[in-house]
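Chemist: Sequence and predicted structure, then a few things I'm wondering about:
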Amino acid sequence: MTESEQKDPQASGPFPRAGLMRRMAALLYDGFLVAAIWMVLGFVLQLFVGPETNQLVDGVVQTDPVLDAILFALMILSSSGFYIWFWSRSGQTLGMIAWRIKVETLDGGRINLKQGLIRFFAAWPAFFLFGLGYLSLYLDANGDAIHDKMSQTKVVLLPKSHRPFD
């Protein structure tokens, strides 16, 4: 796919960077979707291994450490797949569509797999280190977060006239 094919045909010019509250709201929306995916994965895993792999010991559920590792790996793969698939196809997850924000390359194109992986795995520490990676939005001249810089991407605010499904 050429660079001109990767650009958004509705883009009429540079859009402003998205603010922290819109990003967090979209993350919350997407968090519900990812949690639902994780619940289905856990249910399917239990169908394969059976409920006898769990024990209640002194009021605490004990599970097999191997199954814990498998479930954790499935959770990482499914959540990274969710975000990277949406980001690379349209630049927007469902939460981002609702809040009219979009991730794109610095020149306005779609992100690639490498950028998606960097972005996904850098965003977790940015969030869990007391949000310092996101608070850099206020320190950066362009309004980018740490994971935006690391992946050479940006998150922009789309106009109200933007139609995501056209």
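Modeler: Thanks, I have the structure now.
Chemist: quick one, what contacts residue 20?
Modeler: The neighbours of residue 20, taking Cβ atoms under 8 Å, 6 or more residues apart in numbering as the test, are 134, 135, 137, 138. (C-beta placed from N, C-alpha, C; glycine too.)
Chemist: Repeat the analysis, applying 6 Å as the threshold.
Modeler: Applying Cβ atoms under 6 Å, 6 or more residues apart in numbering, we find residue 20 in contact with 134, 137.
Chemist: State the phi and psi torsions of it.
Modeler: With angles defined as degrees, to the nearest 10, residue 20 sits at phi -60, psi -40.
Chemist: same deal with the one 4 residues further on?
Modeler: Backbone torsions for residue 24, taken as degrees, to the nearest 10, come to phi -70, psi -40.
Chemist: now swap in residue 59 and tell me
Modeler: Geometry field for residue 59 lists phi and psi as phi 80, psi 10, criterion degrees, to the nearest 10.
Chemist: And for the one 4 residues further on?
Modeler: Summarising the backbone geometry of residue 63 under the convention degrees, to the nearest 10, its torsions are phi -120, psi 160.
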